[in-house]
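S.K.: Using only what follows, build the 3D model:
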Amino acid sequence: MATKGNNALLKGIPTTKDAFVVIVTTEWNASIMSKLLSGARKVLNEAEVAFKVITVPGAFELPFAIRAYAEGNSKSADAFIAFGTVIRGDTPHFDYVCKAVTDGVLSLNMTLDVPVVFGVLTVENEQQALERVGGIHGHKGEEAAITALKMIALNRKLRK
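M.R.: Numbers count the residues shown, from 1 in each chain. Model prediction:
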């Protein structure tokens, strides 16, 4: 998804009007997060797909919230989207958080019956993040929502 102008992703967006997506987003880097969320909302609203947004403090907490929702809610999700922005700082904290959240999302994809889309920006600076929420690298919020729709359709097809 990180390639510039990933136009192939936009082709063949399936109809999944009866789907339900849970988006888990972070409080950190709120201005970037609002743009990611806005892009996802746009795509899901256009596709007439219902969704719920859950907010957690930071990226490290994303996998926990997804698992907790999957295990504890009567309204089951057809897909999850994990949104976060981790910007490198002066300490190795960036590396630990990026690895933990990546491993957490991978683990969820291996254990849950529904897809978990990785919408976490891992960037060197705020400019790189802005380039990925409507800038020269496209809109990763929109791309994550499209990926969720495609994965819902694929999951349904494989489970028939």
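S.K.: going forward, measure contacts and count neighbours with C-alpha atoms only.
M.R.: Noted.
S.K.: Below-threshold pLDDT in the protein: ranges please.
M.R.: 1-11 (pLDDT under 70).
S.K.: So for Asn155, what's the nearest residue that isn't a sequence neighbour?
M.R.: Sequence neighbours aside, Val114 is the residue nearest to Asn155 in space, at 7.2 Å (criterion: Cα to Cα, 6 or more residues apart in numbering).
S.K.: quick one, phi psi at that neighbour?
M.R.: Dihedral angles of Val114 (phi, psi; degrees, to the nearest 10) stand at phi -130, psi 150.
S.K.: pretty sure it contacts Ser76?
M.R.: No: between Val114 and Ser76 there is no contact under Cα atoms under 8 Å: 9.5 Å.
S.K.: and those two? which has more neighbours close in?
M.R.: Using other Cα atoms under 10 Å as the criterion, Val114 and Ser76 rank with Val114 on top: 20 against 15.
S.K.: What is the helix or strand hosting Thr25 packed up against?
M.R.: Element membership of Thr25, judged by DSSP states H and E, is strand 20-26. Packing partners of strand 20-26 (3 or more Cα pairs under 8 Å, 6 or more residues apart in numbering; DSSP states H and E): helix 30-46, strand 50-56, helix 62-72, strand 79-87.
S.K.: All set, thanks.
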